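**Q** predicted coordinates and the sequence they were generated for:
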Amino acid sequence: MKLRYFKFIIAAAGIVTISSCKKQFDINYDPDRLPDSNSPIEQLLTSAQVNLGFEGGSDLFRYSTLIMQQMSGGASQPNQTYEYYRHNITGSDQNNLWSSIYATTLSDLELIIKQGGASPYYTGIAKILKAYEYSLVVDTWGDVPFTEAQKLTANTQPAYDDDATIYPKLIQLLTDAVTDLNAASSVLTPGTNSVIYTSTSWTTARANWIKLANTLKLRLLLHYSKVNPSFCVAQITALVNTAGIQFMASNADNFQMNFYNVANQRSPISAFEVSRPNYLFADARMLSLMNGKSDPRRPFYFSDFPVGSGNYVGVSATALPPAPNNNYSRIHTFLRGAVTTPAVGTNSAVYSGAAPQRKSAGKHRLRRGNDRRQRPPGRRPDRRALPRQPHPLAQARRHHRHQRQDHHRPLRPQALQRRGQALRPHRHRPDRRRPLAPRRRHDHPPRV
């Protein structure tokens, strides 16, 4: 009998020991990677806004200003910016931008919307920023993941949505955002953790966010009016006749993120100019328009050349300099902050970098002829293309976020391209998903 009890005691001790060891040596669990449900929405809002601010001064800024001939890369040494100026922007060039948008900004905003039900002031801001970010994405690439992209880790390979179907959803999203912001109460209220419309007074900040939502909605309706005029006329009429409606009316309402004269907090545009000097100069096309009108914004947008002359000189796209040189106007204080050391000769001045990143919707376009939202019914897109270098294989990468579970951006399988036109799955195969990579909508000479 004693021997039997002794066996039971030994067995019980063994079970306890095994279970303890399992908890102690479970190396497959990372306590630093929190699940999505534990992500604090206050920090998510800051993360999304900061990333959005840096996006505004990154690759998309350079693509759009070079294509629109506001800036020029034609006077620099043959480099990436020089190729962008020649409209040679490949899919691999856009990988970082695409990843930043989907894996960070939109992912963080979606988590706020899904988890912030008891805090409508947070979800309202997140919906505005989501509508703004997607308006840039649609205006840049056209068809993009939208409906299935909102499922986060539940679907890492979402299908593309037709761009014409996304705009009405963004307009409705802005309506929902204003409803959230007008809620009577919210468990959590944004404060100084919001780096856009930062204020210790939520009453002041809320008014700014609502003005932004109304103004952005008006702009999206104008963009969409070529597709569905009657819908947009009705929406605009109802919007502007709403009692007590307010829109952005002065610089105090600017939708912007501030940067500072502190390491790692300077404007990304100014930081690019420091790390890659003599890559960007003013374009002659832009300056010819401004010089012809003696535009008073010139001394803020561009530096004069020669220094102190009051003249503004740009690089001509039709007569590029035979050799790289610096004899042109550069980006100035509006985008780089105050001058701390004046320019000498052909060298650039030194700037503080404390220039706010001002944002606007709809200016970024890497395409022209393929825009279905603005193409008359029955008219086929222009398929003529400029010669392009072979598209490199885009390696699918997975984005890992520190201190919480993976926030996946849509995976980017390899995209093969022939001369100026991407190989895409046939539309009559509805069960076949289109490859999730930025589509080359910039294959056509842009209108300037």
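**A** Nice, thanks for sending it over. Numbers count the residues shown, from 1 in each chain.

**Q** okay, now the unreliable bits of the stretch 301-448 of the chain?
**A** By pLDDT under 70, the weakly predicted segments of the stretch 301-448 of the chain are 360-448.

**Q** again, but for the stretch 101-250 of the chain
**A** Counting by pLDDT under 70, the stretch 101-250 of the chain contains no low-confidence segment.

**Q** quick one, helices of it?
**A** Applying DSSP state H, counting those that start in this stretch to the stretch 101-250 of the chain gives helices spanning 106-115, 120-141, 163-181, 202-224, 229-240.

**Q** which one is residue 124 nearest to, not counting chain neighbours?
**A** Closest residue to residue 124 apart from its sequence neighbours, by Cβ to Cβ, 6 or more residues apart in numbering: residue 180 at 3.3 Å. All C-beta atoms are positioned from the backbone trio N, CA, C, and that covers glycine.

**Q** gap between the one you found and residue 316?
**A** Distance check for residue 180 against residue 316: by Cβ to Cβ, to the nearest Å, it reads 50 Å.

**Q** who has more neighbours out of the two?
**A** residue 180 (23 against 18; other Cβ atoms under 10 Å).

**Q** that one reaches residue 118, doesn't it?
**A** No - the criterion here is Cβ atoms under 8 Å, and residue 180 misses it with residue 118 at 11.5 Å.

**Q** now do the strands in the chain.
**A** Using DSSP state E, the strands of the chain run over 71-72, 144-145, 160-161, 256-257, 281-282, 339-341, 350-351, 357-358, 417-418, 421-422.

**Q** could I get those as CSV with mean neighbour count and distance to residue 39?
**A** As requested, the strands of the chain are exported to CSV (neighbours: other Cβ atoms under 10 Å; distance: least, Cβ to Cβ, whole Å):
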stretch, mean neighbour count, distance to residue 39
strand 71-72, 26, 38
strand 144-145, 22, 21
strand 160-161, 20, 26
strand 256-257, 19, 21
strand 281-282, 26, 43
strand 339-341, 12, 39
strand 350-351, 19, 36
strand 357-358, 18, 25
strand 417-418, 14, 37
strand 421-422, 15, 35
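
**Q** for residue 278, which residues are in contact?
**A** By Cβ atoms under 8 Å, 6 or more residues apart in numbering, residue 278 lies in contact with 75-77, 324, 326, 348.

**Q** select from the residues you listed the one having the most neighbours.
**A** Counting neighbours by other Cβ under 10 Å, the top entry in the contacts of residue 278 is residue 75, with 24 neighbours.

**Q** angles on the backbone of it, please.
**A** With angles defined as degrees, to the nearest 10, residue 75 sits at phi -100, psi 0.

**Q** give me the distance between the nearest residue to residue 295 once chain neighbours are set aside and residue 68.
**A** Distances taken as Cβ to Cβ, 6+ apart place residue 289 nearest to residue 295, at 7.7 Å, with adjacent residues excluded. Separation of residue 289 from residue 68 (Cβ to Cβ): 11 Å.

**Q** same question, residue 59
**A** For residue 59 relative to residue 68 (Cβ to Cβ), the value is 15 Å.

**Q** cool, and residue 247?
**A** Note on residue 247: its distance to residue 68, by Cβ to Cβ, is 26 Å.

**Q** do the same with residue 102
**A** Per Cβ to Cβ, residue 102 is found 25 Å from residue 68.

**Q** looking at these two, which is more packed in?
**A** Legend: neighbour count by other Cβ under 10 Å for residue 102 and residue 68, higher for residue 102 (23 against 17).

**Q** out of the helices of the stretch 101-250 of the chain, nearest to residue 87?
**A** helix 120-141 (14.4 Å; Cβ to Cβ).

**Q** could you chop this structure up by domain?
**A** Residue ranges for the domains of the chain, per automatic domain parsing: 36-258+362-422, 268-355.

**Q** hang on, the earlier thing: quick one: which of the strands of the chain is nearest residue 198?
**A** Nearest to residue 198 among the strands of the chain is strand 256-257; the distance by Cβ to Cβ comes to 9.2 Å.

**Q** got the contact list for that closest one?
**A** By Cβ under 8 Å, 6+ apart, strand 256-257 touches 49-50, 52-53, 56, 195-196, 356-359.

**Q** skip the chain neighbours and tell me the closest residue to residue 170.
**A** Leaving out its chain neighbours, the residue that sits closest to residue 170 by Cβ to Cβ, 6+ apart is residue 131, at 4.4 Å.

**Q** next, count neighbours for that neighbour.
**A** There are 25 residues near residue 131, going by other Cβ under 10 Å.

**Q** quick one on the thing from earlier: can you put the strands of the chain in JSON lines and add distance to residue 295?
**A** Converted to JSON lines, the strands of the chain look like this (distance: least, Cβ to Cβ, whole Å):
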{"stretch": "strand 71-72", "distance to residue 295": "16"}
{"stretch": "strand 144-145", "distance to residue 295": "35"}
{"stretch": "strand 160-161", "distance to residue 295": "40"}
{"stretch": "strand 256-257", "distance to residue 295": "22"}
{"stretch": "strand 281-282", "distance to residue 295": "12"}
{"stretch": "strand 339-341", "distance to residue 295": "20"}
{"stretch": "strand 350-351", "distance to residue 295": "21"}
{"stretch": "strand 357-358", "distance to residue 295": "18"}
{"stretch": "strand 417-418", "distance to residue 295": "40"}
{"stretch": "strand 421-422", "distance to residue 295": "39"}
